[in-house]
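K.L.:
I would like to see how this sequence folds:
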Amino acid sequence: MYKVFSAKQIVDFIEKRNFENFYFNNGYAYILSREADEIFIEAHNNTIMNETAKLVIDVLNNLDECINKAHSWLNHLILDDKMFPHALDKGFEVCGMYFGKYSYSHDPSPTNGFLISFSTIEFYPCKFSVKFHSNNMHPFAVEEWVQ
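P.N.:
Take a look at the predicted model:
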């Protein structure tokens with residue numbers, strides 16, 4: 001059974017470079033968080049790079065602010081779905097985070113940053129990821145994806 005940690009505990013682990021509670025696999029470090037569910041961190045050779053560690057610490061220390069910024073983007077979504085017309089009415093909850101490089105839109109070169117994924121409180125078969133730049137922690141895109 002996996003342990004679940006608070007954002008504060010995860011920040012402490014990373015600051016102390018104590019990774020014994022992380023699970024490393026296929027270039028990523030995984031840990032479960034009370035506030036963010038699953039957290040995935042790019043970790044080549046089972047190492048979280050200093051730049052990425054700093055980003056994780058900054059984001060987790062400002063998690064409520066980042067979630068509020070993401071909600072401001074999610075609140076503008078409009079679903080045209082006859083099967084789930086009210087799926088967005090009750091809002092969203094965080095279901096995961098990712099830190100590292102990713103691509104977006106039609107730009108093939110990866111960006112360093114993070115994303116926060118959300119599921120709807122009312123059932124909807126898709127999730128939404130709000131993408132943030134690492135340098136200013138501001139969202140710039142929302143993606144919808146099938147679970």
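
K.L.:
so where is the chain shaky, pLDDT-wise?
P.N.:
Within the chain, the stretches with pLDDT under 70 are 1, 105-107.

K.L.:
what's the closest non-adjacent residue to Glu38?
P.N.:
Spatial nearest neighbour of Glu38, chain neighbours left out: Gly96 (4.5 Å); criterion: C-beta to C-beta, 6 or more residues apart in numbering. (Glycine included, C-beta is placed from N, CA and C.)

K.L.:
give the bridge partners for the residue most central in space within the chain, please.
P.N.:
The residue lying closest to the centre of the chain (C-alpha atoms, centre = their mean) is Met97, at 1.9 Å. On the basis of DSSP bridges, Met97 takes part in beta bridges with Ile39, Ile116.

K.L.:
so it sits right up against Phe118, yeah?
P.N.:
No. In this structure, Met97 is not within contact of Phe118 by C-beta atoms under 8 Å, at 10.4 Å.

K.L.:
tally of neighbours for the residue nearest to Glu38?
P.N.:
Counted by other C-beta atoms under 10 Å, the residues lying close to Gly96 total 18.

K.L.:
quick check: it vs Pro110, distance?
P.N.:
Distance, Gly96 to Pro110, by C-beta to C-beta, to the nearest Å: 19 Å.

K.L.:
residues in contact with the closest residue in space to Leu60 that isn't next to it in sequence?
P.N.:
Closest residue to Leu60 apart from its sequence neighbours, by C-beta to C-beta, 6+ apart: Ala7 at 4.3 Å. Applying C-beta atoms under 8 Å, 6 or more residues apart in numbering, one finds that Ala7 lies in contact with 33-36, 60-61, 63.

K.L.:
show the buried residues in those residues.
P.N.:
33, 35-36, 60, 63 (16 or more other C-beta atoms under 10 Å).

K.L.:
from the residues you listed, which is closest to Leu88?
P.N.:
The closest of those to Leu88 turns out to be Ala36 (C-beta to C-beta; 20.5 Å).

K.L.:
phi, psi for that closest one please.
P.N.:
With angles defined as degrees, to the nearest 10, Ala36 sits at phi -130, psi 10.

K.L.:
could you do Ile41 as well?
P.N.:
phi -130, psi 130.
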